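Visitor: Any chance you could fold what I've pasted below:
(one chain, ligands or ions: 1)
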Amino acid sequence: MSALDEEPQPTGTLTLQTQTMPRDTNPQGDVFAGWLMSQMDLAGAILAQSIARGRVTTVAVGSMVFLRPVPVGSTVSCYAEAIEVGRSSIRTMVEVWLTRVHTGEQVKVTEGEFVFVAIDDRGHTRPLP
Ligand SMILES: CCCCCCCCCCCCCCCC(=O)SCCNC(=O)CCNC(=O)[C@H](O)C(C)(C)COP(=O)(O)OP(=O)(O)OC[C@H]1O[C@@H](n2cnc3c(N)ncnc32)[C@H](O)[C@@H]1OP(=O)(O)O
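Guide: The predicted model follows:
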């Protein structure tokens with residue numbers, strides 16, 4: 001195994017990338033957990049919608065871990081992976097990584113589990129294709 005292989009790497013597909021703004025922060029200047037969770041919800045939904053080929057809704061959020069504070073002005077990248085696919089539900093694991101601007105180094109800041117259900121136009125559960 002090379003030294004490169006030992007570097008921690010994001011798991012899943014990059015589905016959402018954005019930059020943290022001053023309005024997303026708490027009085028200490030770090031990003032609110034709720035803002036991060038909404039980005040993760042969106043990132044998981046984007047993956048789930050592509051699997052469901054249509055509308056999905058969030059039915060559950062599992063355990064969340066906040067590993068490091070996220071400073072304002074950071075580039076954050078959300079990686080999503082489907083870890084279980086049921087009749088109508090898709091369980092996803094979403095990781096958030098921040099990129100250190102000067103070095104390009106990526107560090108994981110948060111991860112959590114989001115479950116989505118495929119729904120039809122009336123909001124009723126539908127089987128996955
Ligand atoms: C094409 C590419 C496009 C890309 C472009 C993307 C653009 C980017 C779009 C952004 C999109 C944002 C998306 C945000 C998503 C919201 O934020 S939505 C707002 C919050 N969520 C809600 O309001 C949902 C409210 N809940 C409900 O409407 C109903 O409970 C639901 C979800 C329709 C489920 O109805 P139900 O009758 O309880 O369904 P039921 O048949 O009992 O269960 C369905 C499945 O859910 C599972 N389930 C139920 N409860 C749970 C639970 N607590 N835990 C785990 N699983 C559960 C069941 O096990 C079952 O799984 P399967 O065995 O079928 O696989």
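Visitor: Tell me the residues of this protein that contact the ligand?
Guide: Proximity of the chain to the ligand is assessed by C-beta under 6 Å from any ligand atom, with 41-42, 45-46, 49-50, 57-60, 86-89, 115, 117, 119, 123, 125 identified as the residues in range. The C-beta positions use only the backbone N, C-alpha and C, and glycine is treated the same way.
Visitor: Write a PyMOL command that selects only the buried members of those.
Guide: Under the burial definition 16 or more other C-beta atoms under 10 Å, those of these that qualify are selected in PyMOL by:
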select buried, resi 41+42+45+46+49+88+89+115+117+119
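Visitor: ok, now how distant is residue 51 from residue 121?
Guide: Look at residue 51 and residue 121: by C-beta to C-beta, to the nearest Å, they are 18 Å apart.
Visitor: between the two, who's got more neighbours?
Guide: Remark: of residue 51 and residue 121, residue 51 carries more neighbours, 16 against 8, as counted by other C-beta atoms under 10 Å.
Visitor: Excluding chain neighbours, what is closest to that one?
Guide: Spatially, and ignoring its direct neighbours in sequence, residue 51 is nearest to residue 90 (5.5 Å; C-beta to C-beta, 6 or more residues apart in numbering).
Visitor: what pairs with the one you found across the strands?
Guide: With DSSP bridges as the criterion, residue 90 is bridged to residue 85, residue 116.
Visitor: Tell me how many other residues crowd it.
Guide: The local packing count at residue 90 equals 26, with neighbours defined by other C-beta under 10 Å.
Visitor: Residue in this structure with the shortest distance to the ligand?
Guide: For the chain and the ligand, the shortest gap (C-beta to the nearest ligand atom) falls at residue 86, measuring 2.3 Å.
Visitor: now the helices: where do they sit in the chain?
Guide: In order along the chain, the chain carries the following helices (DSSP state H): 3-6, 33-52.
Visitor: just so I know, which of those helices lies nearest residue 65?
Guide: Proximity to residue 65 (C-beta to C-beta) singles out helix 33-52 among those, at 10.7 Å.
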